[in-house]
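Asks: The following comprises the amino acid sequence and a computationally predicted model.
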Amino acid sequence: MKHLTRLASGATGLGIALFAALPAWAQDAAALQSPATAAPAATVNKGDTAWMMTSTVLVMMMILPGLALFYGGLTRAKNMLSTMTQIGAAACLAMLIWVMYGYSLAFGPDVSGGASNFIAGLGKAFLKGVTPASQAATFTAGVEIPEYVFICFQMTFAAITAALVLGSVVERMKFSAVMAFVAVWLTITYFPIAHMVWAASGLFFKAGALDFAGGTVVHINAGVSALVASLILGKRLGYPTTPMPPHSLTLTGVGTGLLWVGWFGFNAGSALEANGSAGLAMINTFVATASGGLFWMLAERVAGHKGSALGFCSGIVAGLVAVTPAAGNSGPFGAIVLGGIASVICFYAVSVLKPKLGYDDALDAFGVHGIGGMVGAIGTAVVYSPALGGPGAADYDMGAKLLVQLGAVVTTIVWATIGTVIAMYVAKALTGLRVSKDVEQEGLDLGEHGERAYN
């Protein structure tokens with residue numbers, strides 16, 4: 001599908017690119033519009049602005065408390081606080097870096113030459129030129145939202161993606177190493193991929209890749225990075241012979257619920273407007289997730305196990321991950337199928353592939369986010385078809401789009417791998433990377449932070 005982008009307008013006169021595919025009907029309308037027709041004057045829509053502010057807060061809820069409780073409950077009790085602290089501190093660092101230079105590198109003015117395919121410039125570093133009067137375009141001509149709101153919305157995406165990576169390295173990575181890793185990883189991995197996918201001059205955007213809310217930028221990026229980081233860091237002491245069950249599936253369940261609720265801001269908010277596209281993303285976020293939760297439990301039964309609460313929570317997240325790139329690019333029944341298929345594939349990645357390969361991805365960030373993101377990104381090319389209820393045009397070419405999606409997936413895997421290797425070795429040179437054996441045995445709550453989750 002051809003991508004169109006409108007530029008933001010405002011006091012600065014500088015533009016930012018939007019990041020979702022324009023619906024086919026809107027493209028047709030644009031094509032029919034006479035060049036002589038004057039564009040309507042841009043005005044800030046208060047309803048859309050209110051929805052985007054709400055969506056931003058919903059995504060923030062996904063991090064603290066959602067992801068912190070989800071991940072924290074899956075660790076052993078002696079590492080509960082360290083896991084939550086790492087997630088919170090990583091998110092805070094990401095927010096500060098975002099406003100210093102991350103937003104500019106992802107959505108700022110283009111750099112000269114072919115480099116604009118991969119990264120923007122520093123023209124908006126420290127939010128230079130952004131004022132309360134600055135506006136960011138939506139997907140309706142003349143309807144805009146404050147640029148500060150767009151900046152905040154995208155800031156939460158950067159924050160949660162960095163936090164997701166940490167799920168593979170909990171219970172053994174130094175807090176100082178986490179902070180060093182996040183700073184480097186965001187700069188060389190997240191910001192370029194966000195630009196490639198969501199900026200008008202980006203490589204994937206120009207190729208016509210479909211990624212409504214972050215299948216490549218967030219989930220494949222974080223999942224692959226999590227796998228690479230866990231391999232460099234090494235296995236936890238005693239893994240896999242020592243039992244390491246979650247210390248509180250109750251907290252994980254609460255975190256799962258908060259993630260699901262917050263994900264509506266993640267997916268429906270990516271429409272940038274309170275409209276039909278947001279409504280489509282909303283219903284898909286309901287049904288794909290419901291399908292994922294139930295199909296994971298069904299897969300457990302087929303494999304000879306009882307349907308578990310942990311499996312239900314894992315399936316919920318797998319469904320959410322898979323529908324992220326397809327949220328506004330699929331019909332509801334396509335989303336149900338996509339969520340179910342992704343959940344089953346993720347189940348086998350976690351229960352079969354991981355033990356066979358022997359890597360210690362502690363909280364299955366790769367098995368759920370990495371694998372689920374790949375299934376979702378590739379599957380989006382299928383469910384986008386109008387023959388399957390998707391919003392694609394009547395002449396939609398599924399084969400061509402599959403090749404585009406595969407290219408985006410492979411490029412993201414390679415970029416994330418290289419960037420994570422660099423970030424991990426920089427963190428290792430600066431901090432030593434891993435806690436001592438004594439601290440790991442005692443628990444990072446006491447060893448790194450001097451306190452306990454439970455007394």
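Replies: Arrived safely. Computed from a prediction, not measured in an experiment: that's the story for all the values here.
Asks: which non-adjacent residue is nearest Gly447?
Replies: Val439 (3.2 Å; Cβ to Cβ, 6 or more residues apart in numbering). Just so you know, the C-beta spots here come from the backbone N, C-alpha and C atoms, and that holds for glycine as well.
Asks: Doesn't that neighbour belong to a helix?
Replies: Yes - counting by DSSP: H, G, I helix; E, B strand; the rest coil, one finds Val439 located in a helix.
Asks: Identify the single longest helix in the chain, thanks.
Replies: helix 398-431 (DSSP state H).
Asks: quick one: secondary structure of Glu144?
Replies: Going by three-state DSSP: Glu144 is strand.
Asks: can you count the residues close to it?
Replies: Per other Cβ atoms under 10 Å, the neighbour tally for Glu144 reads 25.
Asks: Report the contact partners of it.
Replies: By Cβ atoms under 8 Å, 6 or more residues apart in numbering, Glu144 lies in contact with 8-9, 42-45, 135-138.
Asks: so the residue nearest to Gly447 sits right up against Glu448, yeah?
Replies: Yes - if you go by Cβ atoms under 8 Å, Val439 and Glu448 touch, sitting 6.8 Å apart.
Asks: Return the entry from the contacts of Glu144 with the maximum number of neighbours.
Replies: Result: Ala136 is most packed of the contacts of Glu144 (other Cβ under 10 Å), 28 neighbours.
Asks: So in terms of bridging, what pairs with that one?
Replies: Ile145 (DSSP bridges).
Asks: what's the spacing between it and Gly367?
Replies: 36 Å (Cβ to Cβ, to the nearest Å).
Asks: Could you do Tyr190 as well?
Replies: Relative to Gly367, and taking Cβ to Cβ, Tyr190 is found at 21 Å.
Asks: neighbour count winner among those two?
Replies: Neighbour tally, Tyr190 and Gly367, criterion other Cβ under 10 Å: the higher count belongs to Tyr190, 30 against 27.
Asks: what's near enough to touch that one?
Replies: 102, 158, 161-162, 217, 221.
Asks: Same check on Val184?
Replies: Contact partners of Val184, counting by Cβ under 8 Å, 6+ apart, are 422-423, 426-427.
Asks: tell me the angle of whatever helix or strand it lives in relative to helix 398-431?
Replies: Element membership of Val184 [criterion: DSSP states H and E] is helix 175-185. With axes from the mean of the first three to the mean of the last three Cα atoms, to 10 degrees applied, the angle from helix 175-185 to helix 398-431 works out at 140 degrees.
Asks: in helix 175-185, what counts as buried?
Replies: Residues of helix 175-185 classed as buried: 175, 177-185 (neighbour count, 16 or more other Cβ atoms under 10 Å).
Asks: so how far is that helix from its chain's centroid?
Replies: Helix 175-185 has its average C-alpha position 18 Å from the chain's average C-alpha position, going by Cα atoms, centre = their mean, to the nearest Å.
Asks: Under the pLDDT cut-off, which ranges of the chain? List them.
Replies: 1-41 (pLDDT under 70).
Asks: Recalculate using a threshold of 80.
Replies: 1-42 (pLDDT under 80).
Asks: just the helices in the stretch 51-200 of the chain please.
Replies: Taking DSSP state H, counting those that start in this stretch to define them, one finds helices in the stretch 51-200 of the chain at 68-74, 80-97, 103-107, 147-165, 175-185, 191-198.
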